[in-house]
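**Student:** Next comes the sequence, and after it the predicted model I'd like to discuss.
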Amino acid sequence: MPDTVPLASAAAPSARRQSGARSVGPPGAPWARLWTPAPGVVVALAPVDAVLATPAAVWRLRPEEYGSAAGMAARRAREHLAGRALLRLLLAEVAGEEDARAPVVPEPAGRPRLPGSPDTGVSISHSGPYAAAAVAIGLDVGVDAQVPRPPLAALLRRCCAPGTAAHLANLPPERAALAFARIWSVQEACVKARGTGLSGAPWRVRVDPGSQAGTSGALHWRRPPWHDAADAEPVALACAFGPPEAHPAHPADAHPAAVGTRCPERPMTTCTFAEKR
């Protein structure tokens, strides 16, 4: 992945991250794009294969996470483990080793949570060959990655303002796929930040595919500054964050092995694109 940073640099001074400066890490380091969309919010994007091929990225995975993966199809299992390994790497840098090794349990609608650190928001996403993770101190957070795929006409009408839907319908398929992925990633990030899933009606979040930032209620959403760079990864990425709302009661009552089976990184995958993922 060109022009990236190792996760270890997440501990570097915040001014460096906010400036957008990036460097190449030492051999064997877990490569990732790091992004700080707001103070206290850090996002990582990395190839699934790179995460799983790096011992330092997988050694914190817990037995229940491997147990969940064992019941999944091979590709889904790799995505599951890579997303959680990336999250744990990010937690180690942002919140500390104790949180990085702690259980991650799902709320009723699937949002991951650290029961031992309820003030730390976490989120995971994966699409195609990429995994993403986000950590927010004192905030709710949602991250979503979407590899562009041609959207169904019905999804354009449902998820886009009428003018935007008409515009995307007249674009070449490749450009329409990218524009819709940028819209949908923001919409998913917003409902993931609140842990509402489909009940949060993500399609009500109106998004201009050309905008880099916006709001939805009390949430702020951002896209990374490199989206239009020549060396940008072919994936739409968005992060939403805002003041915490009440978490559903007793998330720790969920069986640890269920982590990932109803995870928020893909709450609407069966209806997102023409091809199911």
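**Tutor:** Nice, thanks for sending it over. As the structure is a computational prediction, the values presented were derived from the model and not from experiment.

**Student:** how near is residue 113 to residue 93?
**Tutor:** 19 Å (C-beta to C-beta, to the nearest Å). Any C-beta I mention is one placed from the backbone N, CA and C, and that applies to glycine too.

**Student:** Mind checking which of the two has more residues around it?
**Tutor:** residue 113 (22 against 19; other C-beta atoms under 10 Å).

**Student:** pLDDT on stretch 71-86, on average?
**Tutor:** Stretch 71-86 carries an average pLDDT of 96.

**Student:** For the chain, give me the ranges with low pLDDT.
**Tutor:** 1-30, 198-200, 203, 247-277 (pLDDT under 70).

**Student:** ranges for the strands of it?
**Tutor:** 5-6, 31-38, 41-47, 105-106, 112-113, 120-127, 130-137, 140-146, 213-216, 219-222, 236-242 (DSSP state E).

**Student:** Of all the ones you listed, which one is nearest residue 54?
**Tutor:** strand 31-38 (8.2 Å; C-beta to C-beta).

**Student:** neighbouring strands for that closest one, and are they parallel or not?
**Tutor:** strand 5-6 (antiparallel), strand 41-47 (antiparallel) (DSSP bridges).

**Student:** tell me the most buried of the ones you listed?
**Tutor:** Highest mean neighbour count among these (mean count of other C-beta atoms under 10 Å): strand 41-47, with a mean of 25.

**Student:** sorry, back to before: in a markdown table, list the strands paired with strand 31-38 along with distance to residue 184.
**Tutor:** Below are the strands paired with strand 31-38 laid out as a markdown table (distance: least, C-beta to C-beta, whole Å):
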| stretch | distance to residue 184 |
| --- | --- |
| strand 5-6 | 27 |
| strand 41-47 | 16 |
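
**Student:** residue farthest from the centroid of this protein?
**Tutor:** The C-alpha centroid of the chain is most remote from residue 170, which lies 29.1 Å away (C-alpha atoms, centre = their mean).

**Student:** quick revisit: of all the strands paired with strand 31-38, which lies closest to residue 67?
**Tutor:** Of those, nearest to residue 67 by C-beta to C-beta is strand 41-47, at 23.4 Å.

**Student:** any residues touching that closest one, and which ones?
**Tutor:** Here strand 41-47 makes contact (C-beta atoms under 8 Å, 6 or more residues apart in numbering) with 1, 7, 10, 17, 30-37, 82, 86, 89-90, 93-94, 129-137, 139, 141, 143, 145, 224, 233, 235, 237, 239, 241.

**Student:** Verify the stated contact: residue 81 with residue 60.
**Tutor:** No: the criterion here is C-beta atoms under 8 Å, and residue 81 misses it with residue 60 at 11.2 Å.

**Student:** out of these two, which sits in the busier spot?
**Tutor:** Ranked by neighbour count (other C-beta under 10 Å), residue 81 and residue 60 place residue 81 first, with 23 against 18.

**Student:** tell me the contacts of that one?
**Tutor:** Contacts of residue 81 (C-beta under 8 Å, 6+ apart): 52, 58, 61, 65, 66, 69.

**Student:** now do 7 Å
**Tutor:** By C-beta atoms under 7 Å, 6 or more residues apart in numbering, residue 81 lies in contact with 52, 61, 65, 69.

**Student:** thinking again about what came up before, and the contacts of strand 41-47, which are buried?
**Tutor:** 7, 10, 17, 30-37, 82, 86, 89-90, 93-94, 129-136, 139, 141, 143, 145, 224, 233, 235, 237, 239, 241 (16 or more other C-beta atoms under 10 Å).

**Student:** picking that back up, tell me which of the strands paired with strand 31-38 lies nearest to residue 104.
**Tutor:** Per C-beta to C-beta, nearest to residue 104 of the strands paired with strand 31-38: strand 41-47, 15.5 Å.

**Student:** how far off strand 130-137 does that closest one point, in degrees?
**Tutor:** 170 degrees (axes from the mean of the first three to the mean of the last three C-alpha atoms, to 10 degrees).

**Student:** could you check the distance from residue 45 over to residue 165?
**Tutor:** 28 Å.

**Student:** One more: residue 108?
**Tutor:** 32 Å.

**Student:** Number of residues surrounding residue 162?
**Tutor:** By other C-beta under 10 Å, neighbour count at residue 162 equals 9.
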